[in-house]
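Enquirer: Here is a sequence together with a model predicted from it:
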Protein chains: 2
Amino acid sequence: NHRVDARSLRLYRGYYSWICQWGLGLTIAVVLLLAFVERPSSLSISSDPRHRSAPWQPPCGFTESIEMVCLVVFCLDLAVKGYLIGWEEFRKSKWLIAYTVVISFSFIDWMLSVSMACDEKLRVRRLIRPFFLLQNSSMMKKTLKCIKRTLPEIASVILLLALHLCLFTMIGMLLFAKSDDPKKNGEWKLHFRDLPTSLTSLLVLLTTANNPDVMIPAYSLNRAYSIFFVTFSVIGTYCLMNLLTAIIYNQFRGYLLMSVQTSIIRRRLGIRAAFQVLSCQGIQQAAEEHVAVELVLKTMARVQMKSYYREAITKEAHKCADVGYMDREQFRKIFDELDKDRIKEHPPLPQYQSPVLQKLQVVFSHYFLTILGNAVALANVICICTVLVLNAEKSAAERDNYIIEIINLCFILYYLFEVCVKIFAFGWKGYLSYRNNIFDGFLTVLLLGLQITIFVTYKLPFSQWDPSSHSILSLWEMVRLINMLIVFRFLRIIPDIKLMALVASTLLDLLKNLRAFAGILMVVYYVFAVFGIWLFEGAITPPSEMSVLSNTSMENITSNFSMECGTYEQLEYWPNNFDDFAAAIMLLYNVMVVNNWQAFLEAYSRHTTDWSKIYFVCWWLTSSVMWVNLFVAVILENFIYKWDRSHSCSVTDVERIRYET
Amino acid sequence: NHRVDARSLRLYRGYYSWICQWGLGLTIAVVLLLAFVERPSSLSISSDPRHRSAPWQPPCGFTESIEMVCLVVFCLDLAVKGYLIGWEEFRKSKWLIAYTVVISFSFIDWMLSVSMACDEKLRVRRLIRPFFLLQNSSMMKKTLKCIKRTLPEIASVILLLALHLCLFTMIGMLLFAKSDDPKKNGEWKLHFRDLPTSLTSLLVLLTTANNPDVMIPAYSLNRAYSIFFVTFSVIGTYCLMNLLTAIIYNQFRGYLLMSVQTSIIRRRLGIRAAFQVLSCQGIQQAAEEHVAVELVLKTMARVQMKSYYREAITKEAHKCADVGYMDREQFRKIFDELDKDRIKEHPPLPQYQSPVLQKLQVVFSHYFLTILGNAVALANVICICTVLVLNAEKSAAERDNYIIEIINLCFILYYLFEVCVKIFAFGWKGYLSYRNNIFDGFLTVLLLGLQITIFVTYKLPFSQWDPSSHSILSLWEMVRLINMLIVFRFLRIIPDIKLMALVASTLLDLLKNLRAFAGILMVVYYVFAVFGIWLFEGAITPPSEMSVLSNTSMENITSNFSMECGTYEQLEYWPNNFDDFAAAIMLLYNVMVVNNWQAFLEAYSRHTTDWSKIYFVCWWLTSSVMWVNLFVAVILENFIYKWDRSHSCSVTDVERIRYET
């Protein structure tokens, strides 16, 4: 359903080429990243209002001109897309129409903002920028559709949750009403004073973020009160919340399989069509449809695909070369090669002439060497650990970097030796064909480079160096960097432990399938962060005299400020604010993780209005309730798909099973 | 594989009869409940050491004699079981041997404790009591086996988690090492001072229990430090922890289906055997095996099964009555009735003679009445809510209970009217055949009873009553109770909202399948609580002068105690201790919920030794990591099973699919 004349096809090919798509992606990334630079700019070292410097503000017109370039690129993109699918299809596609609307709206808003010399309050187009990301990824659109399908069921669980919450709030208010004995009023005073307070207390308890605290005043009076809270948590948190996970997972079950199936079916269709086209071109008898093998080979040479698959298909096609043509079944079969996973072949070991070298090669290519290497890496990590423990209390000047430096040098030399020996045993190509070795070799080279830098800068012996004199990084910091790299290098043991390798490879696979979800998460974060900045920018300002006080008395946080424990102010959550984009994202992340989010709820409802709670509850619902459950569903789906695949045979096999059920 | 002579069979039947199994269950419950009564006894109103009274201590010999009775019952149980399966089988069954060992050990320990006049320190048999529960349930044994099968994979993920934790701890210690500038030492001082502190900080971060707090000192210096913490959380908490869920769920996938299948296969086997036996008894020609229908009917009359199924099978069997006998296929088919769900038939509406009554019946049996009832219930709840909000700040004496009492009276009279009208429309049996109506009617009768009690006690008009004079419950408390019941009654709306009904019925179904898991949870709680009491009984004692202080100054918790925020002492977690069994269970629950568990970790490692952390980490691993994931797996399994079943047809259908795949 798009134009098929030669010029359009060339345009199509050009548009979907690697370079064009990459450029488009880059443009989207630039537009999204603008949020960090635009006013309020995030380019300060700290987001803490107590001691942040004034951030660098871009001059007016700087971000605007970049944005204009991006918008022009989007216009081009829209024009090409529209041309390729034709006006009829364009009108039917909601996404493309929305794209048009969003671009034109952005232009209007851009002009407004330029005409006001960048002084406008609201930059509405920031809110709709993530649309560009959504629009460009078919996976994300598919995922969105999937989420939309789940919404009614999610809504029913959330309704049940709301009912649960309301009922327990009322029962709680009745249970912990104000009594005549002031000693027994603790629970009422702190958590059930009025309807909003009670609702908030129990809503937060639903996320377990105030778990023992909320029941302590009542529980210390009478054990039986704990039943109320435990019942609430068990039904709400454990049953209903997990039921939500189950419902979302149930919808996403088969999601991966389905998308794999769809792509297979599309490919089959494509192959069938290709056969039809090729058989028309070839001059054959009308009764049976055949395709000449040379024609296939010629076409194959012009198709863009991975060289590995091309070779395999060409090889298959050559098998029919003696007949000269192939029928439909044969044609289909040669493309089955695409389903087969590429089995990585390692280049052969280099052949050495001298028997001594040959013996050495046998020794060095032995599995034993890998284990020894792991043991040495472990020893190194333990060394660093010991030094760390010993140095924990010492100040930078007191630390003896000399010994650790010498120890590290020895280890790094061993690593170098290991790398050389492996290259010798496997040859260059053989060495690099293991991903593990690339990781290992790269880190070793980096470590060596750093070590040499240290020697050049500080010379030997170290004892004479002067901590204040030298360059950008002090010796201690260089050593620290080396240590971190060594610790990081220790990850090389993972592939050598079987069970861990399985789990780690699942995680890596997950990353590939997670892009669509990560994109949707980004969109949600972006929209909420922009909203948050509109609503709450500069809402919380630290009292200036207190800022000095808390700076000087970092030592005794416990001292007698007149502020309650557990509040935003006491916990010094100042850097979590909505004053710039990066800080807003971190705040949203912290609310997503849910722990202690009541501090934010409470602080913002105190500094602004009670209605600010709605914003946080909305964010909690979308991020922690919806998205985290989606994430769990995706992990489940991925793991089970991988498991089933490794236990049955191939995709087509799984497909067959699917159809039968 | 058990004895089949007539006496043994009668014994078998007696042993597995309702009464015997119930008695055994009761004995197990009694033995387990003893832990609440035994020293240290939990029979005090509060577990708060600051204001708990001395609990009632049972006299020596009281719990011991009860225990002896229970042990004798277990001995009998063992003897019967052993006799029934015979010595050969007995020797092979590990569970029965363990049962013997546990019982004999309990006897020895019991004698020791009696000889020491109940003054012994350790009561080891308390630790092994939960074994009786495990041993008695075949479902729990099966579940345990399932868990055992999953352990290797869980171990690999936990190993990966440990590696992740260690690497990040080292990188964290390197990153937040003590620097020369004391202002920049906040992070080091609070969370990365030495190796155990750093490990604990990051372990707690893995559970997100100290999420924003742990990063605040570093984050307020430089935004970039947050990357470290976010990476740690995303990999550890979101990826690895959820992968654990996936792995556990993967093992439990098909668990329910499998158990259903097994029971079906067993039944088939049983039916086949029954056919064989019956056909031997009947005198038939040798060529084909037949069973006389009368014989089947006679046997059916003696079999213990639900009368509904018996009727259905008898009806089916009667269909073959004209032939006089049935072959194997027919015999199997009549028992297919067992697979069919019982379709509940409501008794017919009563027939009234008078046309007026008939018209009234039509009106009252209309669906509209239910909706009206729900609306009235909602109105009532809203009324209560309004009164609650208005009364929130008033003390008991100021509250005007008169109005709410009158309002409630009106509503209750309406409810009574609704019940009567429904009984009139549907008849007694028709009314009671709806579960919803039973719930409704019971609550209405209860409310009416309470209301009458109020009238009897306080008479009309209320304004004259004297708050101090009357009886056990004050008027306010009676009204409170009525209000709670009314709120509870509001749950009747659930079945009338379709989506909510589905979700709620899933939850109810869940409860049935959850028994095995709840049992295992109970066992784990029991063992850990007993251990905890051994290790930490009386470890934390509130400073006595402070206890007075905090009692009088409940108002200003914020005042200047010299204690840090977020500690056990400041949060007043006193009632969470290991001083008795009930308190220990609540403490373990609070650690399981995970939020703020660092307060317990920190307090117990401060008051006892650092090694106490191991106990808490073990409990966290078994409860929060293992059990909560198991729970999620069970919920997923249940929901998906129910979903599949409601979308395909019947058990046998699902079974067929299962076999094909």
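Expert: Happy to help now that I have it.

Enquirer: Surely A:Leu43 forms part of a helix?
Expert: No. Counting by DSSP: H, G, I helix; E, B strand; the rest coil, A:Leu43 falls outside a helix, being coil.

Enquirer: how about it, what does it touch?
Expert: A:Phe36, A:Val37, A:Pro55, A:Trp56 (Cβ atoms under 8 Å, 6 or more residues apart in numbering or on different chains). The C-beta positions use only the backbone N, C-alpha and C, and glycine is treated the same way.

Enquirer: Quick check: the closest residue to the last one other than its chain neighbours vs A:Phe192, distance?
Expert: Leaving aside its chain neighbours, A:Trp56 sits nearest to A:Leu43 (4.7 Å; criterion: Cβ to Cβ, 6 or more residues apart in numbering or on different chains). In this structure, A:Leu43 lies at 45 Å from A:Phe192, with Cβ to Cβ, to the nearest Å as the measure.

Enquirer: What of A:Arg606?
Expert: Distance from A:Arg606 to A:Phe192, by Cβ to Cβ: 19 Å.

Enquirer: okay, the two: which has more neighbours?
Expert: A:Phe192 (26 against 15; other Cβ atoms under 10 Å in any protein chain shown).

Enquirer: for chain A, what's the longest helix?
Expert: helix A:138-175 (DSSP state H).

Enquirer: Now do the buried residues in it.
Expert: Residues A:140, A:143-144, A:146-147, A:150, A:153-154, A:156-158, A:160-161, A:163-175 are the ones in helix A:138-175 that count as buried (16 or more other Cβ atoms under 10 Å in any protein chain shown).

Enquirer: Stretch A:316-326 too?
Expert: A:Glu316, A:Ala317, A:Cys320, A:Tyr325, A:Met326.

Enquirer: my guess is the last one meets A:Glu294, correct?
Expert: Okay, so that is A:Met326. No. Assessed by Cβ atoms under 8 Å, A:Met326 is found out of contact with A:Glu294, at 11.2 Å.

Enquirer: hmm, back to that, after the longest helix of chain A, next one along is what?
Expert: helix A:186-191 (DSSP states H and E).

Enquirer: Is that next one positioned near chain B?
Expert: Yes. Helix A:186-191 reaches chain B (Cβ under 8 Å from any Cβ of the partner chain) through A:Gly186.

Enquirer: Can you spell out which helices and strands pack onto that helix?
Expert: helix A:195-206, helix A:211-221 (3 or more Cβ pairs under 8 Å, 6 or more residues apart in numbering or on different chains; DSSP states H and E).

Enquirer: Nearest to chain B, out of those?
Expert: helix A:211-221 (3.9 Å; Cβ to the nearest Cβ).

Enquirer: CA-only coordinates of that closest one in CSV, if you can.
Expert: Taking C-alpha atoms only, helix A:211-221 is exported to CSV below (Å, rounded to 0.1, in the frame of the first residue of the first chain):
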residue,chain,number,x,y,z
ASN,A,211,4.6,0.6,56.9
PRO,A,212,5.5,0.3,60.5
ASP,A,213,5.2,4.0,61.2
VAL,A,214,1.6,4.4,60.5
MET,A,215,0.6,1.6,62.9
ILE,A,216,3.0,2.3,65.7
PRO,A,217,0.9,4.7,67.9
ALA,A,218,-2.1,2.4,67.7
TYR,A,219,-0.1,-0.8,67.9
SER,A,220,1.8,0.3,71.0
LEU,A,221,-1.6,0.7,72.7
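
Enquirer: Run the chain-centre distance for the next helix or strand after that helix.
Expert: As assigned by DSSP H and E, the chain's next helix or strand after helix A:211-221 is helix A:225-233. Between the centre of helix A:225-233 and the centre of its host chain there is 37 Å, according to Cα atoms, centre = their mean, to the nearest Å.

Enquirer: Repeat that for stretch A:99-106.
Expert: 28 Å.
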